[in-house]
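J.: after the sequence you'll find the predicted model.
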Protein chains: 2
Amino acid sequence: MKKLMMVYAILIATFLLFLYFYHYNESTDQSLKQMNRGLQGKIEDKYVMVNFQSGIDYWKSCLKGFEDAAKALNVSVEYRGATQYDVYEEITVLEQVIAKKPAGIAVSAINPDALVVTINKAVEAGIPVVLFDSGAPKSKAYSFLGTNNYNAGVSAAHKMAELTGLNGKLAIITLPNQLNHQDRMAGFQDTIRTSYPNLQIIAIEDGRGDQLASERIAASLLKDHPDLKGIFATEANGGVGVGNAVKNLNRLSQVKIIGFDTDKGTLDMVKNETISATLAQGTWNMGYWSLMQLLHLQKEAQKSQLPLQNAKEPLVPTYVDTGITIVTKENVDIYYAK
Amino acid sequence: MKKLMMVYAILIATFLLFLYFYHYNESTDQSLKQMNRGLQGKIEDKYVMVNFQSGIDYWKSCLKGFEDAAKALNVSVEYRGATQYDVYEEITVLEQVIAKKPAGIAVSAINPDALVVTINKAVEAGIPVVLFDSGAPKSKAYSFLGTNNYNAGVSAAHKMAELTGLNGKLAIITLPNQLNHQDRMAGFQDTIRTSYPNLQIIAIEDGRGDQLASERIAASLLKDHPDLKGIFATEANGGVGVGNAVKNLNRLSQVKIIGFDTDKGTLDMVKNETISATLAQGTWNMGYWSLMQLLHLQKEAQKSQLPLQNAKEPLVPTYVDTGITIVTKENVDIYYAK
């Protein structure tokens, strides 16, 4: 009988202990749920990044930023793009993405006008859309996140002035019909004109975005102007072409080159001092802050009475300048890793 | 003996049940911790908003954005400011804030130059700093979040063209020595000149940011130019002053007024149709995205090897255009609530 009593005592004690722990864990659950939520979406919500020439290196860091944001915010992402530099392929891809009604789309527009109708279709269907890297100002997308190309040209001009000792003849090799290149050129020209009276831009040439074409044009410029002191190439292939021309003519000590972007060809030439400097765009920022804005728009859509597309005011910042960095021999190594 | 066996059986069963639930709850805990964290900081980290004339209505929505972000991100905020329009008071307040080593500071600079030394001191001490509403471009702050005032002037010009039927004489009342007002004026002037050949800006006057001074100037303009069709006031007090002048001279049907900002005086005049339109700045966006950037900078500081201030590239977007909205009689009501 005494033994039986002891067994009952243990039984009751164990049961109380069980209740206590059960309750304790439940309250921990509750406080965890309340306190540690943070800013986040739903893992079943899919955010899609859409671009063109989807295989090139340039996009890797944009996508990394997009993915890093998705991880922090507990949402899903998908990467879709036209494989070619082809307007109609990008329109088709974007149509396919819209048909699946994703939680948000970040688009890099191959052309400022051609995608407007398709982008507007997505917005009118209530899908949050932002543009990154290449904009479409006439579209109804909520925001554009990318480089301020005019300011990039301004930075290039100041660097060129420093490299050339503030005086001498300069040339620009660019894509004269593309808006981002027009802006880079304008920022460069305006700054040279207003800030450096002893620097003179003597030629602006079309490099057609092609390495060999740019090399031929640079070679001819170098022959016509034996006293040329600097060339600004507003695009990566052009910079490498110019580098080859200057090297082949043995003029590396007299002619300073500034390129654009951070593909391997350009970085190699910065490292071996053929190109003095190149401009790196804030590509990770483009991806990361695109998703931050899309999540915010999605949350607004969920809580608002009116459809998102009828909002009377900017729901997110309308333009985000993702910044540029001047890459020289001193800091080139960190760009190989990216 | 049979009874005792049953008691043992119950005892063992209860114990197994206890173990099972204990383990089950523990794994729920774990998955909750892993899955539902979201983007967040630490509740003990304090982010501080610093401005000037801290009591005016204009800041309320900036602070609301800052607080909404803090709530979403599980961090603490504090609101500090110079009570007066006083450079030295704002420097003192900022020095006091820096001394407490907060997790980040969002500053609205009373003057683009006067705060540079103090802002740089904070950055060099490793404190993330962003500027909002009024920038200090020469400082080492990581970013500026505010209105693109040139674009605000462009929007005002297009609206003015619509209101005046694309032809006639216009005047501007502004603060000619302040950068943001110079930009608003330039955007307005450039757009009228390039897009509306039959609109003509016949006068640009200094309203000194004062309602009565602006009213006197507007009255004299209206007397000198009986055919004046529109006035753009780049600042709130000016808009109300112009409104009074036009009303007192009984010219409301001929003269269209565009003001700036959404203080109660301006909104009342929009509602009773004295002022045709005013421009609302994206103040909530300024506060919300300032804190988003500060949290990101704080996380970078915690994980990076190098001190934050030695980073070689933009850690956050360098400029965020927080957008503007045109407020008219149709949508004025939603601005009273803000």
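T.: Ah, there it is.

J.: got the end-to-end distance for stretch A:249-264?
T.: Using Cα to Cα, to the nearest Å, one end of stretch A:249-264 lies 23 Å from the other.

J.: pull out the buried positions in that stretch.
T.: For stretch A:249-264, burial by neighbour count (16 or more other Cβ atoms under 10 Å in any protein chain shown) applies to A:252, A:254-263. Glycine gets a C-beta too; all of them are placed from N, C-alpha and C.

J.: just put these in a markdown table and tack on distance to chain B.
T.: As requested, the buried residues of stretch A:249-264 are exported to a markdown table (distance: Cβ to the nearest Cβ, whole Å):
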| residue | distance to chain B |
| --- | --- |
| A:L252 | 25 |
| A:Q254 | 29 |
| A:V255 | 26 |
| A:K256 | 21 |
| A:I257 | 21 |
| A:I258 | 17 |
| A:G259 | 17 |
| A:F260 | 15 |
| A:D261 | 14 |
| A:T262 | 11 |
| A:D263 | 17 |
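
J.: what about stretch A:219-236, start to end distance?
T.: 17 Å.

J.: which parts of that stretch count as buried, going by neighbours?
T.: Neighbour counts over stretch A:219-236 (16+ other Cβ under 10 Å) mark A:219, A:221-222, A:228-236 as buried.

J.: check stretch A:2-22 too.
T.: So for stretch A:2-22, counting by 16+ other Cβ under 10 Å, buried means A:7, A:11, A:14-15, A:18.

J.: ok, and of those, which contact chain B?
T.: Filtering the buried residues of stretch A:2-22 for proximity to chain B by Cβ under 8 Å from any Cβ of the partner chain leaves A:7, A:11, A:14-15, A:18.

J.: one step back: which ones among the buried residues of stretch A:219-236 map onto helices?
T.: Judged by DSSP state H, helices contain the following of these: A:219, A:221-222, A:236.

J.: of those, closest to chain B?
T.: Nearest to chain B among these, counting by Cβ to the nearest Cβ, is A:A236 at 17.7 Å.

J.: quick one: that closest one and A:G209, what's the gap?
T.: Distance of A:A236 to A:G209, computed by Cβ to Cβ, to the nearest Å: 9 Å.

J.: quick one on the thing from earlier: now the buried residues of stretch A:249-264 as a markdown table including distance to B:I202 and pLDDT?
T.: Shown next, in a markdown table, are the buried residues of stretch A:249-264 (distance: Cβ to Cβ, whole Å; pLDDT from 0 to 100):
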| residue | distance to B:I202 | pLDDT |
| --- | --- | --- |
| A:L252 | 58 | 95 |
| A:Q254 | 54 | 96 |
| A:V255 | 52 | 98 |
| A:K256 | 49 | 98 |
| A:I257 | 50 | 98 |
| A:I258 | 45 | 98 |
| A:G259 | 48 | 98 |
| A:F260 | 45 | 97 |
| A:D261 | 48 | 94 |
| A:T262 | 51 | 93 |
| A:D263 | 53 | 91 |
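
J.: mind checking which helix or strand of chain A has the lowest mean pLDDT?
T.: helix A:2-35 (a mean of 67; mean pLDDT, DSSP states H and E).

J.: following that one, which helix or strand shows up next?
T.: As assigned by DSSP states H and E, the chain's next helix or strand after helix A:2-35 is strand A:46-51.

J.: right, and the helix or strand after that following strand?
T.: Strand A:46-51 is succeeded, C-terminally, by helix A:60-73 (DSSP H and E).

J.: that following helix vs chain B: in contact?
T.: Yes - Helix A:60-73 is in contact with chain B by Cβ under 8 Å from any Cβ, via A:72-73.

J.: and for stretch A:140-153?
T.: Yes - with Cβ under 8 Å from any Cβ as the criterion, chain B is reached by stretch A:140-153 at A:145, A:148.

J.: give me the mean pLDDT for that stretch.
T.: Averaged across stretch A:140-153, pLDDT comes to 97.

J.: quick one: that stretch to chain centroid distance?
T.: 10 Å (Cα atoms, centre = their mean, to the nearest Å).

J.: repeat that for stretch A:82-97.
T.: 19 Å.

J.: then stretch A:135-142?
T.: Distance of stretch A:135-142 from its chain centroid, counting by Cα atoms, centre = their mean, is 16 Å.

J.: now the end-to-end length of it.
T.: Taking Cα to Cα, stretch A:135-142 runs 11 Å from one end to the other.

J.: next one: stretch A:258-277
T.: Start to finish, the residues bounding stretch A:258-277 are 5 Å apart (Cα to Cα).

J.: can you list the residues that contact it?
T.: A:57-58, A:152, A:156, A:159-160, A:163, A:184, A:211, A:230-240, A:242-243, A:246-247, A:252, A:256-257, A:278-281, A:326-329, A:332-333, A:335-336, A:338 (Cβ atoms under 8 Å, 6 or more residues apart in numbering or on different chains).

J.: generate a PyMOL selection restricted to the buried subset of those residues.
T.: Buried residues within the contacts of stretch A:258-277, by 16+ other Cβ under 10 Å, are selected in PyMOL with:
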select buried, chain A and resi 58+152+156+159+160+163+184+211+230+231+232+233+234+235+236+237+238+239+240+242+243+246+247+252+256+257+278+279+280+281+326+327+328+332+335
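
J.: among the contacts of stretch A:258-277, which lie within strands?
T.: In strands, judged by DSSP state E, the following of these are found: A:230-233, A:256-257, A:278-281, A:326-327.

J.: excluding chain neighbours, what is closest to the residue of the stretch 51-200 of chain A found nearest chain B?
T.: Taking Cβ to the nearest Cβ, chain B has its nearest neighbour within the stretch 51-200 of chain A at A:A72, 4.4 Å off. Nearest residue to A:A72 in three dimensions, chain neighbours excluded: B:L39, at 4.4 Å (Cβ to Cβ, 6 or more residues apart in numbering or on different chains).

J.: spit out the contact partners of A:A69.
T.: Listed by Cβ under 8 Å, 6+ apart, the contact set of A:A69 reads A:287-292, A:295.

J.: quick check: the farthest pair among the buried residues of stretch A:219-236?
T.: Greatest spacing in the buried residues of stretch A:219-236, by Cβ to Cβ: A:K229 and A:A236 (22.1 Å).
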